[in-house]
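*Asks:* Next comes the sequence, and after it the predicted model I'd like to discuss.
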Amino acid sequence: MKPYEARKFVQENLSERAIILQLAEEASELAAAANKLVRVLDGENPSPVTPEQARLDILEEFGDILNCMDLIVTPTENIFVGEKRAEKCVRWAVRIMEKRGEVTPETDSGGKPWADHFERRFDKAE
């Protein structure tokens with residue numbers, strides 16, 4: 001069975017509720033894998049898992065989440081997700097810079113800080 005055939009089969013044979021429950025399970029497994037990686041990297045509580053394997057486990061769980069999301073997110077929602085990811089990444093960077101007492105980056109549009117630019121942009125979209 002080819003991946004596109006498997007995707008279609010799953011979508012046709014499971015309810016959205018069942019897919020969302022699968023997503024919740026995979027999200028929990030991703031959280032556990034992330035915790036395991038921190039444990040492996042800091043070494044305080046030893047684990048037989050190598051850092052490489054711990055990273056691969058995170059990637060596997062991330063792939064499982066993407067499979068679930070691919071079945072429940074529309075193309076329009078996917079565009080929204082991309083925009084929100086960009087907004088949150090900038091907000092994250094700004095918070096780190098502010099904590100360090102650094103000047104936040106400026107946009108090319110009117111000299112407003114990135115965070116203000118994104119807030120205005122998303123206010124208009126609603």
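*Replies:* Thanks, I have the structure now.
*Asks:* how much space between the most centrally placed residue in the chain and Pro3?
*Replies:* For the chain, the residue sitting closest to the mean C-alpha position, by C-alpha atoms, centre = their mean, is Arg85 at 7.7 Å. With distances taken as C-beta to C-beta, to the nearest Å, Arg85 is found 24 Å from Pro3. Using the backbone N, CA and C atoms, a C-beta is placed for each residue, glycine as well.
*Asks:* Tell me how this protein divides into domains.
*Replies:* Domain assignment for the chain, taken from automatic domain parsing, gives 1-72, 74-126.
*Asks:* for the record, mean pLDDT for the first one?
*Replies:* Averaging the model's pLDDT scores along domain 1-72 yields 96.
*Asks:* Straight-line length of it, end to end?
*Replies:* For domain 1-72, the first-to-last residue distance is 21 Å (C-alpha to C-alpha, to the nearest Å).
*Asks:* Report the distance from it to the chain centre.
*Replies:* 12 Å (C-alpha atoms, centre = their mean, to the nearest Å).
*Asks:* Read off the pLDDT value for Asp123.
*Replies:* Here, the pLDDT recorded for Asp123 equals 52.
*Asks:* could you list every residue that touches the residue nearest to the centre of the chain?
*Replies:* If you count contacts by C-beta atoms under 8 Å, 6 or more residues apart in numbering, Arg85 has none.
*Asks:* for the host helix or strand of it, the distance to its chain's centre please.
*Replies:* Arg85 is part of helix 75-100 when elements are defined by DSSP states H and E. Remark: helix 75-100 is offset 11 Å from the chain centroid, using C-alpha atoms, centre = their mean.
*Asks:* Just give me the neighbour total for Asp70.
*Replies:* Other residues within reach of Asp70, judged by other C-beta atoms under 10 Å, total 13.
*Asks:* Same question for the one 3 residues further on.
*Replies:* By other C-beta under 10 Å, 14 other residues sit near Val73.
*Asks:* can you check Cys68 too?
*Replies:* 20.
*Asks:* ok, it to Glu61 distance?
*Replies:* Applying C-beta to C-beta, the value for Cys68 to Glu61 is 11 Å.
*Asks:* which residues are common contacts for those two?
*Replies:* The contact lists of Cys68 and Glu61 share Glu26, where a contact means C-beta under 8 Å, 6+ apart.
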